[in-house]
Structure formats: structure tokens, C-alpha cells
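**Student:** Structure for this input, please:
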Amino acid sequence: MPLRTLIALLLCAPLLATAGCTRALHVPFEDWRPYSFIDANGRHTGLETELLAAVAQAAGCRVSYVRGVPRNRRMPMLAAGELDLLIAATPVPTDQAWYTRPYREEVFGAFMRASEAQQEARSMDDLLRARLRLVTHRGPVSVPVINDFNAQGLLTWFEDYAKGVQLMALRRGDVLLGDSVAIAHAARAAGVSLVELPFDVVRGPVTYKLSRKSMSEAQLKAFDQAIQRLEAQGELQRIRNRWLAASAKPR
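**Tutor:** Take a look at the predicted model:
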């Protein structure tokens with residue numbers, strides 16, 4: 001590690017120690033395998049769970065997961081300070097929340113049944129022109145072409161990835177769109193043979209989204225510094241590698 005970087009990180013340490021939280025942060029729980037789930041021993045685990053635990057601890061905070069929060073209630077609750085943090089957020093202009101620096105990359109892909117995969121397709125527009133039915137997640141990521149499938153009556157929504165894979169197995173759709181790692185994990189768990197098409201629909205960094213109502217700018221800085229320090233130490237990469245290697249899939 002360059003000496004200049006090491007000195008900067010050491011100077012950050014007092015700030016991280018003093019900008020901690022006076023109570024546990026309220027974060028909504030979602031069964032989103034392999035990112036966040038309850039294992040066979042009743043332990044909350046997953047890629048996102050481990051990343052947030054490491055970052056929060058380095059920032060002087062603890063995490064308390066809140067169950068049963070509908071997806072459409074999360075942003076209003078964050079704005080009201082009833083939730084403190086949302087994971088895997090894509091920054092958009094808002095005066096209700098702060099965004100940390102990125103802590104991992106997110107990739108959305110398109111999957112088809114192995115026996116029908118159109119490997120020559122190079123975009124979602126190619127699939128739309130073929131009039132294939134799209135199955136996709138009711139989530140925060142907006143992909144404009146989804147509206148085009150909807151306008152042509154070629155769209156089916158699902159609420160969780162296991163359901164999306166089931167819809168593909170039942171032939172209720174031709175193309176499954178969503179988080180590549182989550183889809184590959186759900187397909188393996190269900191024994192459904194799906195193939196990811198050779199293009200990314202969305203690829204970009206995600207951040208933590210912090211409530212302006214319940215959290216301070218000092219805490220935002222503490223999270224940013226924690227992410228920076230853990231990246232420099234290689235800890236976040238070790239967590240990502242461990243989970244993503246276990247979820248690796250052929251393209």
C-alpha cells in the first residue's frame with residue numbers, strides 16, 4: 001500500500017471512532033439469496049449481510065434488521081427516519097437521503113431456458129423484436145425497455161427470484177431479467193436450467209442509502225471512510241470473492 005494512502009487511512013481512524021451510532025441502525029430485512037437470508041441454523045447471513053456488518057462495525061455502528069417491511073414502504077420510511085439505511089442503492093437526486101461511496105458492483109442480465117436461448121441476441125431490443133415475453137422483478141432498478149415490453153403486452157412481474165424462476169419453469173415467460181447472481185442462485189436451487197445471454201442489461205456500482213432524517217453527515221463520512229479503509233485492506237474484496245465464487249455461473 002502506498003505510504004500516502006496508509007497515512008490518510010490512519011488519520012481517518014479518530015473520525016471513525018467518534019462518528020459512530022448511539023443506537024443500532026434499522027435496516028429492512030429481505031430474503032434475497034445469496035445476498036441476504038436466514039440459514040439453516042437461524043443465522044442471518046449472505047453477501048450483503050457480511051458487507052454491511054463489516055462496514056457498520058468499522059464506522060462505529062451496529063445493525064438491527066426490521067422484518068416485514070413491504071418494498072414500496074421502504075423509501076417513505078427512510079424519509080421519515082423510521083429506517084436508517086437501505087442496501088444496494090443506485091444514486092438518484094433526492095433531498096431525503098445521502099448516498100455513500102460505492103461498495104460493490106451490480107449486474108443485471110437476461111436469462112432464457114437452455115433449450116431456447118437465443119445466443120445471437122445482443123440486446124433487450126432484439127428480444128423485444130422477437131416478441132418474447134419478459135419476466136422481471138418489481139425492484140428499484142429502472143430499465144427503460146421494460147416499459148416497451150409492457151406496452152406490447154409482453155410483461156409479467158414477480159416479487160422474488162424463486163418465483164421468477166418458477167414462472168420460467170412453467171413457461172409463463174421467455175426471458176427472465178434481473179440480478180445475475182440472484183437468478184443463477186435461484187435457478188440452481190430449483191433445478192431449472194437457465195442460460196444467461198451474452199450481454200449485460202445493467203452494470204454499475206451500488207451504494208448505501210442513508211436517511212437524512214435519522215443520520216448525520218458525520219455518520220455518512222464515517223461510512224465513506226469505513227468503505228475506503230476496508231477496500232484498501234482488501235476485506236470487502238475478500239467477502240465479495242467468497243460469496244461470488246460460490247455463486248459463479250457459466251455465461
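**Student:** alpha carbons only for contacts and neighbour counts from here, please
**Tutor:** OK.
**Student:** what about Val192, which helix or strand?
**Tutor:** Val192 belongs to no helix or strand when assigned by DSSP states H and E.
**Student:** Based on its surroundings, how many neighbours for it?
**Tutor:** Neighbour count for Val192, taken as other Cα atoms under 10 Å: 16.
**Student:** could you measure the most centrally placed residue in the chain against Leu194, distance?
**Tutor:** Centroid-nearest residue in the chain, with Cα atoms, centre = their mean: Ala88, separated by 3.9 Å. Going from Ala88 to Leu194 by Cα to Cα, to the nearest Å gives 25 Å.
**Student:** does Val135 count as helix, strand or coil?
**Tutor:** Val135 falls in the strand class when you classify it by DSSP: H, G, I helix; E, B strand; the rest coil.
**Student:** Hmm, it is touching Gln166, no?
**Tutor:** No. Between Val135 and Gln166 there is no contact under Cα atoms under 8 Å: 10.6 Å.
**Student:** so what are the domain limits for this structure?
**Tutor:** With domains defined by automatic domain parsing, the chain comprises 3-104+205-246, 106-203.
**Student:** show me where the stretch 1-150 of the chain has strands.
**Tutor:** Counting by DSSP state E, counting those that start in this stretch, one finds strands in the stretch 1-150 of the chain at the ranges 25-28, 37-38, 44-45, 63-66, 85-89, 97-99, 104-113, 134-137.
**Student:** Point out where the stretch 51-200 of the chain drops to low pLDDT.
**Tutor:** Along the stretch 51-200 of the chain, the model assigns pLDDT under 70 to residues 139-142.
**Student:** follow-up on the earlier one: what residue, apart from its backbone neighbours, is nearest the residue nearest to the centre of the chain spatially?
**Tutor:** Nearest non-adjacent residue to Ala88, counting by Cα to Cα, 6 or more residues apart in numbering: Val206, 5.0 Å away.
**Student:** what's the one you found in contact with, if anything?
**Tutor:** Applying Cα atoms under 8 Å, 6 or more residues apart in numbering to Val206 gives the contacts Ala88, Ala89, Thr90, Pro91, Pro102, Tyr103, Arg104, Glu105, Glu106.
**Student:** Wasn't it part of a strand?
**Tutor:** Yes. Counting by three-state DSSP, Val206 is located in a strand.
**Student:** Tell me the pLDDT of it.
**Tutor:** The model reports Val206 with a pLDDT of 97.
**Student:** With Thr100 as the reference, measure out to it.
**Tutor:** Noted for Val206: a distance of 9 Å to Thr100, by Cα to Cα.
**Student:** Could you do Glu30 as well?
**Tutor:** Distance of Glu30 to Thr100, computed by Cα to Cα: 21 Å.
**Student:** related to what we said a few turns ago, buried subset of the contacts of Val206 as a ChimeraX selection?
**Tutor:** Only the buried entries of those go into this ChimeraX selection, using 16 or more other Cα atoms under 10 Å:
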select :88,89,90,91,102,103,106
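**Student:** which one of the contacts of Val206 is nearest Asn241?
**Tutor:** Arg104 (11.0 Å; Cα to Cα).
**Student:** isn't that closest one right up against Tyr208?
**Tutor:** No. Arg104 is beyond contact range of Tyr208, at 10.1 Å (criterion: Cα under 8 Å).
**Student:** Run me through the strand neighbours of whatever helix or strand Val201 lives in, direction for each.
**Tutor:** If you go by DSSP H and E, Val201 is part of strand 194-211. Sheet pairing of strand 194-211 (DSSP bridges) gives strand 85-89 (antiparallel), strand 97-99 (antiparallel), strand 104-113 (antiparallel).
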